[in-house]
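# quick one, structure for this:
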Amino acid sequence: MLTPRLLLMLCLVGFPLGAYAGTETAPIPDLPAVKAKALGPDAEPGVVVSAATAAALEKIGWKVQKDGGLARADGADKGLIPKSYLEKAAIGWKDGVLFYSKSPEAVPQEMFAPILKGLSSFTSAARVDRQKAGAALAAWGFPPSVDGKRLYNPAGDATYYGMMMHSILASKPDQVAKLGVERTGQALNLIDHAYGQAFHHQAPDIAQTDLDRARLLLFAAPRGGETPLGSPAMKARPDPAAMLQGYKAQLEAEAAAALKDGDPVRRKDSADALAVLNNLEKQRSHRYLDLDAVPEPGKEKKPVAAGPGLKPSAPGLEGKDEPYAPLASGLPGLLRVLDRVNGTPLTPDQQENLIKAFPMGDLVWRMGAQDLWKQGLTGKGVKVAVIDEGIAEHPELDGAVKARVNFTAERGAGAVGSHGTHVSGIIHALAPDAELRGYAVFAGDEGNDALRENPEQPIIDAIHRAVKDGNQVINMSLGSGEGPSSQLSRVVEEYASKGVIFLIAAGNSRNMSGGIDSPSSAPSAITVGSLDSAGRMADFTTFGKRFDARKLTTVVKDVFMTPGSNIVSTMPQSPFSFGKSVPEYAAMSGTSMATPAMTGVTALLVQDMGQMTLVPNPIEAAQRLKAALVQSSTPMALDKLPPGVPIDQPFFVVRPLQALEALRAAAVPVAGK
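Okay, the predicted model is just below:
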């Protein structure tokens, strides 16, 4: 019997970035604004401090400020731990003694030194202007994000991860050129964990051990087999803020010229592209995982602004409120307009730097979707079904989602979820003009346990409905340990053999279940596995043969490999947004994320097949698609795969542009034959 736990790949599939509250979507609130002020020489303390506590603090070089914050007594490093940082670490003053908040336990004096050392590591990082820190990271060659964790925002200001990386590497920035993806990713995970220990578990001392280990990792000698973080030369990247301002200036000038020339089409293209850049410049990653600015003792600094005040500056738009400009669907047009304005295509480096500035740009670049966009392929006219949780409202998705059908007993918010929204965002990022239709078959994040039911029949019903609705491509980021002869697999095979293209996750149980999951084991379905950020098979991806008891045969599937580890995509609005309609993004991992990456590329290829002179019937189209994918993909060598992989099971790393070329070569008859 299929169960919701087995079918929807949530346990190993998805975990948003930086969630410490035990749920998928709970973000980390910001630290409160810093209000600490240095005391004048005659000022009296505003908090009562016992003589024993004051002496213990003085012994390790700290003194109490008027508001209860702490400062270095000798001023050697001008260290400061504002009261807000103590409060966020759940430490406060009670009867002249430092206490763990909401606890009768006083902080032992022997713990003062390690706890304050840990907190001062965070405040030391936060003393640097985050705009300067972001520019420095780019100058050292750091990409905007590594393994799903963004180091600096599109406007160039460093995120929490960027501030901490800057504080570790500032003394030796040349070390960045020696870093590999694996070590950097592990260091960022430790930095992530450190935040939770310091500000959610009252353990800044443990946070310090995380930060010390991150430092050791980053300064360790390179090991053989590491994946370089960047190009061999690790050249500096352009300052993000300057890059965006340069492109904006070009678009403003082009819009003004178009207005003067009386060319409304050209002007609108430029204004639309400018609106995308204006929106991009406002984006902030990890809003709930951050460090507030820390003033130098004796000085006050205003909190760093969230971003520059951005107003539409294209001629004809002055003084008007600029509506939200979707980023995913706006990126292809932006690239096209910039190519036109420049008079020559952007260089590969320029494309990479601009694309990766977008929230979901890393995946776009890794899949090479921009190469297909240049061919006029954005998924226009292709209908894609997402059988999953319901798709939540999101400003990036609302124009693409054409229908939402609920096959569960859930009501309202219970029928939409982070998993289905994340999956849909991935498809939309790669095929921004494809029409998405959501079919909810699982309870969402706020599902009612009293309404949960076996999802097998709802999934089957959703497949029938999706086919009836005319969807050419169906994404199923779900699976169970049943065999190829299960009822669900048989339904998939019935439609797949007639030309409906199913992209189905291989599974996340790393062969514990005895082979790829059902219904991905259906012979005519396209099975999708996951690559990690270094391009290797992700450690959760299921592989292996499945025995078909009904046909008394063994099913060995080709597995198509696409990125599925720490993929950033759209999420439902956080309950911590306090009523603000803020576009949410987070990283999740699993073959559930690799599958929509494959689905997005498939939608682009299906669009092209529909535009060919020789239009194949659905069955032939599906056969040609699979043949082109196999022909154009890069087979993974056996020595690059984990032990136990069946010798006769191929794994293909997908190359979309080469697949397009193979499709077109097969569709056009050779002259004289």
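# residue ranges in the stretch 301-450 of the chain under the pLDDT threshold?
Scanning the stretch 301-450 of the chain for pLDDT under 70 picks out 301-321.
# so where do the strands sit in it?
Assigned by DSSP state E, counting those that start in this stretch, the stretch 301-450 of the chain shows strands spanning 383-388, 390-391, 401-406, 416-417, 435-440.
# please apply the same query to the stretch 551-673 of the chain.
Using DSSP E, counting those that start in this stretch, the strands of the stretch 551-673 of the chain run over 553-555, 559-563, 567-571, 584-588, 634-635, 651-653.
# want to try TSV for these, with mean neighbour count, mean pLDDT and distance to residue 216 as columns?
The way it works is simple: take the backbone N, C-alpha and C, and place the C-beta from them, glycine included. Shown next, in TSV, are the strands of the stretch 551-673 of the chain (neighbours: other Cβ atoms under 10 Å; pLDDT from 0 to 100; distance: least, Cβ to Cβ, whole Å):
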stretch	mean neighbour count	mean pLDDT	distance to residue 216
strand 553-555	15	66	46
strand 559-563	26	96	28
strand 567-571	28	96	28
strand 584-588	25	94	25
strand 634-635	13	94	35
strand 651-653	20	95	33
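# out of those strands, which gets nearest to residue 444?
Smallest distance to residue 444 across these (Cβ to Cβ): 11.8 Å, for strand 567-571.
# contact partners of the helix or strand containing residue 253?
Counting by DSSP states H and E, the element that carries residue 253 is helix 240-261. Residues from elsewhere that reach helix 240-261, judged by Cβ atoms under 8 Å, 6 or more residues apart in numbering: 131, 134-135, 138, 144, 152-157, 264, 266-267, 270-271, 273-274, 277-278, 280-281, 313-316, 337-338, 341-342, 353-354, 357.
# ok, of the residues you listed, which come out buried?
Buried residues within the contacts of helix 240-261, counting neighbours by 16 or more other Cβ atoms under 10 Å: 131, 134-135, 138, 144, 152-157, 266-267, 270-271, 273-274, 277-278, 280-281, 313-315, 337-338, 341, 353-354, 357.
# rounded mean pLDDT for stretch 527-537, please.
Stretch 527-537 shows a mean pLDDT of 94 in the predicted model.
# you'd agree residue 454 is in a helix?
No - the assignment for residue 454, made by DSSP: H, G, I helix; E, B strand; the rest coil, is coil rather than a helix.
# how many neighbours does it have?
Applying other Cβ atoms under 10 Å, we find 12 residues neighbouring residue 454.
# the one 4 residues further on too?
Counted with other Cβ under 10 Å, residues neighbouring residue 458 total 20.
# show the model's pLDDT score for it.
Per-residue pLDDT puts residue 458 at 94.
# ok, residue 290 to residue 125 distance?
11 Å (Cβ to Cβ, to the nearest Å).
# and those two? which has more neighbours close in?
A direct count of neighbours by other Cβ under 10 Å for residue 290 and residue 125 places residue 125 higher, at 24 against 20.
# give the contact list for that one.
Counting by Cβ under 8 Å, 6+ apart, residue 125 has contacts 163, 164, 166, 167, 291.
# where does pLDDT dip in this structure?
Residue ranges of the chain with pLDDT under 70: 1-45, 75-78, 231-233, 296-321, 483-485, 511-513, 545-555, 574-582, 612-616, 668-673.
# what pairs with the residue nearest the centre of it across the strands?
The residue lying closest to the centre of the chain (Cα atoms, centre = their mean) is residue 568, at 1.3 Å. Beta-bridge partners recorded for residue 568 (DSSP bridges): residue 587.
# does it touch residue 363 like I think?
Yes - using Cβ atoms under 8 Å, residue 568 is in contact with residue 363, at 7.4 Å.
# show me what stretch 190-199 is in contact with.
With Cβ under 8 Å, 6+ apart as the test, stretch 190-199 has contacts from 17-18, 20, 28, 31, 88-90, 118-119, 122, 149, 160-161, 164-165, 203-204, 206-208, 210-211, 213-214, 217, 289.
# any buried residues in it, and which?
Neighbour-count burial for stretch 190-199 [16+ other Cβ under 10 Å]: 190, 191, 192, 193, 194, 195, 196, 197, 198, 199.
# so where does the fifth one fall, helix or strand?
Assigned by DSSP H and E, residue 194 falls within helix 181-200.
# now that helix, how far from the chain's geometric center?
Here helix 181-200 is found 16 Å from its chain centre; the criterion is Cα atoms, centre = their mean, to the nearest Å.
# following the chain onward from that helix, which element is next?
The C-terminal neighbour of helix 181-200 among helices and strands, as given by DSSP H and E, is helix 204-219.
# and for the closest residue in space to residue 403 that isn't next to it in sequence, the neighbour number?
Computed as Cβ to Cβ, 6 or more residues apart in numbering, the closest residue to residue 403 that is not its neighbour in sequence is residue 437, at 4.4 Å. Using other Cβ under 10 Å, the number of residues around residue 437 comes to 23.
# also residue 412?
Residue 412 is flanked by 11 other residues according to other Cβ under 10 Å.
# try residue 251
Neighbours of residue 251 (other Cβ under 10 Å): 26.
# related to what we said a few turns ago, you'd agree the residue nearest to residue 403 is up against residue 405?
Yes - with contact defined as Cβ under 8 Å, residue 437 counts as touching residue 405 (7.3 Å).
# domain-wise, how is this structure divided?
Domains of the chain are assigned by automatic domain parsing as 4-22+361-667, 51-126, 130-219, 240-305+312-355.
# nearest to residue 229, of the ones you listed?
Residue 229 lies closest to domain 130-219 among the domains of the chain, at 4.6 Å (Cβ to Cβ).
# circling back to that earlier point, give me whichever of the strands of the stretch 301-450 of the chain is most buried.
Of all these, strand 390-391 carries the top mean neighbour count, a mean of 30, counting by mean count of other Cβ atoms under 10 Å.
# against which helices or strands is that strand packed?
strand 401-406, strand 416-417, helix 418-430, strand 435-440 (3 or more Cβ pairs under 8 Å, 6 or more residues apart in numbering; DSSP states H and E).
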